[in-house]
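Visitor: When you get a sec, could you give me coordinates for this:
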Amino acid sequence: MWIDPVRDHRHSAPRDDERTIMTTTSRSWPDQLAAQLRWHWDHQLSARLAGLTDEEYFWEPVADCWSVRPRGTSTAQMQAGSGAMTIDFAFPEPSPAPFTTIAWRLGHVIVGVLGARNGVHFGHEQVTYDSFEYAPTATQALAQLEREYRRWTDGVAAMSEDEFWAPCGPGEGGWADHPMAELVLHINREVIHHLSEVCLLRDLHLHTIRQDAS
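Guide: Residues are numbered from 1 along each chain as shown. The predicted model follows:
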């Protein structure tokens, strides 16, 4: 058993809701991996994202950040998006890559991590960085994120064991022959990783503003 939800260090034993995830005898692997991400969302992430402001969403802690901007205002090498906002990027990506805002990181998770996969594997509309309408506000971005998160976890939970171990298919390009199991592990890791970065940026913004005000 490798699923080990992070627990408050003050607890010597897992709580009942944690035992639900940690019990492997009667649950399929797809269901357990969907439960892993749902647990993370419900117990660790949702409260940390709640109340995200537009100031935090667009905050640039250093110069020359990549972000989501009103169309026509970006100085990035390339911009993508079908609506009033575009997301900054470059090809090939420079090294080191520019620092990215919360808006950029949310856009990446919504489109590149979750949305594209929900379209390819679970029958939702196809989205790309070019076709997507990026959110002009933090509230709208969080709504987009929750929609794609729920589509992903619902899709994973509904997979059969045969589907879970079958190849990903051509939608994953050079990874087409790799099993869906590998993709699910990768996407869960990407969501946890990138949204942890968003939470850390919120903390940094809070303490930076406090210092500036003192």
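Visitor: pLDDT averaged over the lengthiest strand in the chain - what is it?
Guide: The longest strand of the chain (DSSP state E) is strand 85-89. Taken as a whole, strand 85-89 has a mean pLDDT of 98.
Visitor: starting at the chain centroid, how far to the very next helix or strand once past that strand?
Guide: Next helix or strand after strand 85-89 toward the C-terminus (DSSP states H and E): helix 102-107. Relative to its parent chain, helix 102-107 has a centroid offset of 9 Å by CA atoms, centre = their mean, to the nearest Å.
Visitor: Just list what helix 102-107 packs against, helices and strands only.
Guide: helix 54-58, strand 68-70, strand 85-89, helix 138-157, helix 180-213 (3 or more CB pairs under 8 Å, 6 or more residues apart in numbering; DSSP states H and E). From N, CA and C alone the C-beta is placed, and that goes for glycine too.
Visitor: Distance from the first one to the middle of the chain?
Guide: Using CA atoms, centre = their mean, the mean C-alpha position of helix 54-58 is found 17 Å from that of the whole chain.
Visitor: I'd like the helices and strands packed on helix 102-107 laid out as CSV, including mean neighbour count and distance to S46.
Guide: What follows is those, written out as CSV (neighbours: other CB atoms under 10 Å; distance: least, CB to CB, whole Å):
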stretch, mean neighbour count, distance to S46
helix 54-58, 17, 16
strand 68-70, 19, 22
strand 85-89, 24, 24
helix 138-157, 19, 8
helix 180-213, 15, 10
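Visitor: Before we go further, V120 is sitting in a strand, right?
Guide: No - applying DSSP: H, G, I helix; E, B strand; the rest coil, one finds V120 to be helix, outside a strand.
Visitor: Name the nearest residue to it, sequence neighbours excluded.
Guide: Nearest non-adjacent residue to V120, counting by CB to CB, 6 or more residues apart in numbering: G171, 3.5 Å away.
Visitor: re earlier: what angle do the longest strand of the chain and helix 138-157 make?
Guide: Counting by axes from the mean of the first three to the mean of the last three CA atoms, to 10 degrees, strand 85-89 lies at 70 degrees to helix 138-157.
Visitor: Parallel or antiparallel, list what pairs with strand 85-89.
Guide: Applying DSSP bridges, strand 85-89 is found paired with strand 68-70 (antiparallel), strand 78-80 (antiparallel).
Visitor: Mind putting those into JSON lines with mean pLDDT?
Guide: Converted to JSON lines, these look like this (pLDDT from 0 to 100):
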{"stretch": "strand 68-70", "mean pLDDT": "98"}
{"stretch": "strand 78-80", "mean pLDDT": "97"}
